[in-house]
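A.B. asks: coords below, sequence missing:
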Ligand SMILES: Cc1cc2nc3c(=O)[nH]c(=O)nc-3n(C[C@H](O)[C@H](O)[C@H](O)COP(=O)(O)OP(=O)(O)OC[C@H]3O[C@@H](n4cnc5c(N)ncnc54)[C@H](O)[C@@H]3O)c2cc1C
């Protein structure tokens, strides 16, 4: 498999790197300490990313989007997460919402919602997880009851990225008007906060602190039935397919964070002196650097392989889970090793190391935990499911 970037991709990478170095890296730490980003700041940051094709990268040009490839989007995501993982999360989630709308068969929603999302005037998110339905989303309890021209939504969604700043929430819910199991009754509907209000509150967490993570409560929330998002195939299967791309994005986020940690460790090992030598001359420090380099390189290759397969039209169920499981686990381990090389400075909130560690640690959970990725990989290899 050829991972050589094209000339255009190299140019894209250089321009994103330059922007991150000059505009984002210098402010990332201070912003992250402020906690969940305000809606006003999020709009401002997202608008600045538009020239790079970030918001809705995969939305086709004929729908007004940048029309980039999966690999292009991976290049931008890696650099953005490396500079400021929380901002990368906000941009990634609103982009996923735009792509979800673009790939549905709802022409009305495409016309109504895509322009605002692509201009970063609107922010989007996706709500699947619930207090009692995490690894097993088919156990969700949020219901949608048909009442005339509207669905009436009742239920609670948990851990929803961008939830408190989102204008559009793609909510997965159970159709009460249908018989059968949840897998046949789950569908997605777009809730526009302005016309269908719901309650959103922040869930404080240890990492990606300026990336809002929220509880959303829908209480007799009336949503026009024309807001239903459908695509070909079973709705529940489509939600699972969306998770394949989300897993690749979580993987590349951790490759970015791990690269940043490795670069910081190399810089420190070359300049810090103990026992009359720069610490980089000590074999045990070199061993740590070597381990980190191996882990980052392996994670990057696995992740790019999955993105490449997406560009080739494949459906990398196993490969996206391998990339996600490996990259998100090495992400926090590489950050931890970089902290070790920094000695006590690695713990200091004046340095970004502890932020890299906290941020990377958060990615072993969303879009399927590491254990769930292992079950998917096992199922794909064995043809036997541990779950059902
Ligand atoms: C930073 C962050 C952002 C998120 N963003 C979103 C979002 O935007 N939208 C959204 O819908 N959700 C989001 N989530 C929720 C995320 O998808 C869930 O946290 C995840 O699916 C796991 O569910 P849970 O936390 O309820 O854990 P549980 O499912 O309760 O799992 C608890 C533990 O049991 C293990 N476990 C569960 N089942 C099995 C099994 N069969 N075999 C072995 N072990 C098992 C898990 O691996 C885990 O270790 C986000 C979460 C985080 C942390």
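C.D. replies: Yep, that arrived. As the structure is a prediction and not an experimental result, all values here were calculated from the model.

A.B. asks: the helix or strand that contains residue 259 near the ligand at all?
C.D. replies: If you go by DSSP states H and E, residue 259 is part of helix 235-271. No - counting by CB under 6 Å from any ligand atom, the ligand is not contacted by helix 235-271; separation bottoms out at 8.5 Å. The way it works is simple: take the backbone N, C-alpha and C, and place the C-beta from them, glycine included.

A.B. asks: got the domain ranges for this protein?
C.D. replies: Domains of the chain are assigned by automatic domain parsing as 7-118, 124-229, 235-382.

A.B. asks: and the first one, end to end?
C.D. replies: For domain 7-118, the separation between the terminal residues is 26 Å (CA to CA, to the nearest Å).

A.B. asks: in CSV, list the domains of the chain along with mean neighbour count.
C.D. replies: CSV is the format used below for those (neighbours: other CB atoms under 10 Å):
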stretch, mean neighbour count
domain 7-118, 19
domain 124-229, 19
domain 235-382, 20
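
A.B. asks: ok now the helix or strand bottoming out on mean pLDDT in the chain, how far from the chain's centre?
C.D. replies: Taking mean pLDDT, DSSP states H and E as the measure, helix 182-185 is the helix or strand of the chain with the lowest mean score, a mean of 89. From the chain centre to the centre of helix 182-185 is a distance of 26 Å (CA atoms, centre = their mean, to the nearest Å).

A.B. asks: pLDDT on the helix holding residue 259, on average?
C.D. replies: Helix 235-271 shows a mean pLDDT of 94.

A.B. asks: packing partners for it?
C.D. replies: Under the contact definition 3 or more CB pairs under 8 Å, 6 or more residues apart in numbering; DSSP states H and E, helix 235-271 sits against helix 70-102, helix 182-185, strand 186-192, strand 277-278, helix 283-311, helix 317-341, helix 353-361.

A.B. asks: up against the ligand, what does the stretch 251-388 of the chain have?
C.D. replies: 362, 365-367, 369, 371-372, 375, 387.

A.B. asks: closest to residue 249 out of these?
C.D. replies: The nearest member of those to residue 249, counting by CB to CB, is residue 367 at 8.0 Å.

A.B. asks: which residues are in contact with the closest one?
C.D. replies: Taking CB atoms under 8 Å, 6 or more residues apart in numbering, we find residue 367 in contact with 243, 246-247, 249-250, 324.

A.B. asks: ok, residue 280 next?
C.D. replies: With CB under 8 Å, 6+ apart, residue 280 has these contacts: 266, 269-270, 286, 289.

A.B. asks: circling back: lowest average pLDDT across the helices and strands packed on helix 235-271?
C.D. replies: Across these, helix 182-185 gives the lowest mean pLDDT, at a mean of 89.

A.B. asks: what lies in contact with that helix?
C.D. replies: For helix 182-185, contacts defined as CB under 8 Å, 6+ apart pick out 138-140, 174-176, 178-179, 234, 236.

A.B. asks: flag the least confident of the residues you listed.
C.D. replies: The member of the contacts of helix 182-185 with the lowest pLDDT is residue 234, at 70.

A.B. asks: chain center to stretch 335-346: distance?
C.D. replies: With CA atoms, centre = their mean, you get 26 Å for stretch 335-346.

A.B. asks: and if you look at stretch 81-96?
C.D. replies: Mean-position distance between stretch 81-96 and its chain equals 7 Å (CA atoms, centre = their mean).

A.B. asks: how about stretch 116-124?
C.D. replies: Remark: stretch 116-124 is offset 17 Å from the chain centroid, using CA atoms, centre = their mean.

A.B. asks: same question for stretch 14-31.
C.D. replies: 19 Å.

A.B. asks: please apply the same query to stretch 154-167.
C.D. replies: Taking CA atoms, centre = their mean, one finds stretch 154-167 lying 15 Å from the centre of the chain it belongs to.

A.B. asks: picking up where we left off before, what's the farthest-apart pair in the contacts of residue 280?
C.D. replies: The distance between the two most remote of the contacts of residue 280 (CB to CB) is 11.5 Å, for 270 and 286.

A.B. asks: correct me if wrong: residue 145 contacts residue 155.
C.D. replies: No - look at residue 145 against residue 155 with CB atoms under 8 Å: they stay out of range, at 11.1 Å.

A.B. asks: quick one: residue 169 is in a strand?
C.D. replies: Yes - assessed with DSSP: H, G, I helix; E, B strand; the rest coil, residue 169 lies in a strand.

A.B. asks: looking at this, residue 3 is in a helix?
C.D. replies: No - assignment of residue 3 by three-state DSSP gives coil, placing it outside any helix.

A.B. asks: surely it is in contact with residue 297?
C.D. replies: No - Residue 3 lies out of contact with residue 297 (CB under 8 Å); the separation is 11.1 Å.

A.B. asks: redo the contacts of residue 367 as CSV? Include distance to residue 39.
C.D. replies: Below are the contacts of residue 367 laid out as CSV (distance: CB to CB, whole Å):
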residue, distance to residue 39
243, 26
246, 23
247, 28
249, 22
250, 24
324, 29
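
A.B. asks: of the residues you listed, which is the nearest to residue 16?
C.D. replies: Nearest to residue 16 out of the contacts of residue 367 is residue 249 (CB to CB; 15.6 Å).

A.B. asks: how about that closest one, nearest residue that isn't a chain neighbour?
C.D. replies: Spatial nearest neighbour of residue 249, excluding adjacent residues (CB to CB, 6 or more residues apart in numbering): residue 92 at 5.5 Å.

A.B. asks: I'm done for today, thanks for sticking with me.
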